[in-house]
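S.K.: Below is the sequence, then the predicted model.
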Amino acid sequence: MTRATDTVLKGLDEIRPWVEGAYKDLHAHPELGFQEHRTAAKVAEALRADGYEVTEGIGGTGLIGVRRGGDGPTVMLRADLDALPVAEATGLPYASTATGQTADGTAVPVMHACGHDVHVASMLGFARLMAWAPEAWRGTLVVLFQPDEENGSGADAMVADGLVERSPRPDVVLAQHVLPYPAGGVGTRSGSFLSAADSTKVTLYGRGAHGSMPQHAIDPVVMAAMVVVRLQTVVSRELAAATPAVLTVGSITAGTGPNVIPDRAELQLNVRTYDEDTRAEVRAAVERIVRAEATASGATRDPEFETLAAFPATVNDEAPTRTVADAFTEHFGARAHTIDRQSASEDMSRIPEAFGVPFTYWGIGGTDPAAYEKAVAAGSLTSDIPVNHSPYFAPVLQPTLDTGVRALTAAALAWLAAPEG
Ligand code: ZN
Ligand code: ZN
């Protein structure tokens, strides 16, 4: 452990109850993307109390806190603010009972089911410790809190609202995510880490008629069924065995009753890929199949494609990943490891991309290590350990939060540590 890391983390015991309190408060008061007003205000208040220059309202509810510590590198660390439309079922004393409204006005329950509250609380703890130990580091620290990660729009919104002009230019961008691995562990990965995710709505047009008179109809239900089956061949028959991809038809809607052939059907597709070539290949295959099935059905109007969300692939730069991995090995010992590629997606990389700087993004465990071990022994990992977005997703408070704070500290100081002497 380097002396700078030791110096900064000296305050960890003292801030632990505050970090845990902040976490429970965030967990009990989750907010949907671009509606994180209370969360952003709490963050701004904490950062100002610790002497950060705060700029609020970047891309709606996004904000940054800047602390200058003399000449040296600039490190930006990013956390995400938003929660999900999920009804919490953890039964925790600080469980959410919050409700909210989606962009289209639908009332929904809201839960921090992805652990972004862990990211925010860890970042606040880290920011406070860095403010308490100015002698341990040199350079500029930027902590960034992004709205609306779950819909993949928050990072772009901050960039579109002038983030690059409003923030010091970082030399590197760092971020972390809590994942369903044993708490206390940290995992880094160079190169491809998270998938690109493309969500698309496909509308197929037929011709409506009486259910007893199919000769007058072009049946979009049959068309949609054929499309769904045929799409299963994109990954299984068109991609090489070693090329990972997922294609899911998550929603299929058509018709109103048994005796009416409707005039259209809607499919909602989600595609996960890990590189741009495969992404383009799958996109082209989907379009080809949808159009061909419409033609095969005798559709008189072309199908329509609408992009619902598009996340880039998260591909960690090698040099900063190695720097962080080395810092983690030094700080965490055997609890630092290489992590598997994940099928989830992130929009974080839009931020370093906007600055034209490298980044690395790592995972921290949030699952009770004993429960994890038991599930591994029983072969029941997939059924017994709740994953992100589950109504039962509940990271154990510790060592998860401590690890979040320690990881940010060790990683940031790999660039910012003051010369010893
Ligand atoms: Zn999520
Ligand atoms: Zn998340």
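M.R.: It's in. Ligands and ions are numbered 1, 2, ... in the order given.
S.K.: Remind me which helix or strand Tyr372 belongs to.
M.R.: Taking DSSP states H and E as the criterion, the element that holds Tyr372 is helix 369-378.
S.K.: can I get the CA coordinates of the next helix or strand after that helix in CSV?
M.R.: In the C-terminal direction, the helix or strand that comes right after helix 369-378 (DSSP H and E) is helix 381-384. What follows is helix 381-384, C-alpha atoms only, in CSV (Å, rounded to 0.1, in the frame of the first residue of the first chain):
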residue,chain,number,x,y,z
LEU,A,381,-25.6,-19.1,-8.4
THR,A,382,-28.2,-18.2,-11.1
SER,A,383,-31.2,-18.8,-8.9
ASP,A,384,-30.0,-17.8,-5.4
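S.K.: Just list what helix 381-384 packs against, helices and strands only.
M.R.: Where contact means 3 or more CB pairs under 8 Å, 6 or more residues apart in numbering; DSSP states H and E, helix 381-384 is packed against helix 369-378. Every residue, glycine included, has its C-beta placed from N, CA and C.
S.K.: Give me the contact list for the helix it packs on.
M.R.: Tyr181, Pro182, Ala183, Gly184, Gly365, Leu381, Asp384, Ile385 (CB atoms under 8 Å, 6 or more residues apart in numbering).
S.K.: picking up where we left off before, flag every buried residue along the helix holding Tyr372.
M.R.: By 16 or more other CB atoms under 10 Å, the buried positions in helix 369-378 come out as Tyr372, Ala375.
S.K.: how about it as PDB, C-alpha atoms only?
M.R.: Only the C-alpha atoms of helix 369-378 are listed here, as PDB (Å, rounded to 0.1, in the frame of the first residue of the first chain):
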ATOM      1  CA  PRO A 369     -19.400 -13.600   0.400                       C
ATOM      2  CA  ALA A 370     -20.900 -16.500   2.500                       C
ATOM      3  CA  ALA A 371     -24.100 -16.600   0.500                       C
ATOM      4  CA  TYR A 372     -22.100 -16.500  -2.700                       C
ATOM      5  CA  GLU A 373     -19.800 -19.400  -1.600                       C
ATOM      6  CA  LYS A 374     -22.900 -21.400  -0.600                       C
ATOM      7  CA  ALA A 375     -24.600 -20.800  -3.900                       C
ATOM      8  CA  VAL A 376     -21.400 -21.800  -5.800                       C
ATOM      9  CA  ALA A 377     -21.200 -25.100  -3.700                       C
ATOM     10  CA  ALA A 378     -24.900 -25.800  -4.400                       C
END
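S.K.: so how far is Val19 from Ala196?
M.R.: 33 Å (CB to CB, to the nearest Å).
S.K.: Could you do Ala133 as well?
M.R.: Distance from Ala133 to Val19, by CB to CB: 16 Å.
S.K.: before we move on, the earlier item: PyMOL command for the buried members of the contacts of helix 369-378?
M.R.: To isolate the buried subset of the contacts of helix 369-378 in PyMOL, counting by 16+ other CB under 10 Å, use the following:
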select buried, resi 181+182+183+184+365+385
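S.K.: ok, back up a step: which one of Ala133 and Val19 is surrounded by more residues?
M.R.: Val19 (24 against 21; other CB atoms under 10 Å).
S.K.: Quick check: that one touching Leu124?
M.R.: Yes: using CB atoms under 8 Å, Val19 is in contact with Leu124, at 6.8 Å.
S.K.: Show the low-confidence segments of the stretch 301-421 of the chain, by residue range.
M.R.: For the stretch 301-421 of the chain, the stretches flagged by pLDDT under 70 are 421.
S.K.: And the helices in it?
M.R.: 318-332, 350-355, 369-378, 381-384, 397-416 (DSSP state H, counting those that start in this stretch).
S.K.: Deepest-packed of those helices, please.
M.R.: helix 397-416 (a mean of 24; mean count of other CB atoms under 10 Å).
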